[in-house]
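> the amino acid sequence is not available; the structure is as follows:
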């Protein structure tokens, strides 16, 4: 009976997972151009004196990527300091459809695509837009259309103009 309890306690202690966490006394945010530090903290759902562990950092990372405002995000927790290094996606200033003359078709395409004026640009959404445009063109009788996206990037404003051919 004693051996049974010893084995049970041994297994119990081996299966216990330890959670290491730190209380955040300082938050450093670098790489932001358009969004303020306060906005990023609200989007991440963190504040000073939070007790964060690895699971919390993963949740913060997921919530920031879900906003589609950032291209890359790096989180680091050292000595009670949370460092957030990020690169923002540019803002779409204008979308111009080149080569399509039918205004009804342009309106239909503009209503269906993900990219919009004054929204963050994402390469993934741009590829999805290409497929949507090709499907709309095929449904309207343009079977051999080639669709491509080019952009003019403005480094100073962190914005882009899209041209969809």
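Yes, it's here. Just so we're clear, the structure is a prediction, and the values are computed from it rather than from any experiment. Numbering: from 1, shown residues only.

> what bridges to the residue nearest to residue 119 when sequence neighbours are not counted?
Once flanking residues are discounted, residue 119 sits nearest to residue 92: 5.5 Å by CB to CB, 6 or more residues apart in numbering. Backbone N, C-alpha and C define where each C-beta goes, glycine included. Residue 92 forms beta bridges with residue 160, as assigned by DSSP bridges.

> which residues does residue 92 contact?
By CB atoms under 8 Å, 6 or more residues apart in numbering, the contact list for residue 92 reads 115, 116, 117, 118, 119, 120, 121, 159, 160, 161, 162.

> state the distance from the third one to residue 79.
To tie it back to what came earlier, the one meant is residue 117. Distance from residue 117 to residue 79, counting by CB to CB, to the nearest Å: 43 Å.

> what is the neighbour count of residue 151?
For residue 151, the neighbour count with other CB atoms under 10 Å is 17.

> helix or strand for it, which one?
Residue 151 is part of strand 149-154, with elements assigned from DSSP states H and E.
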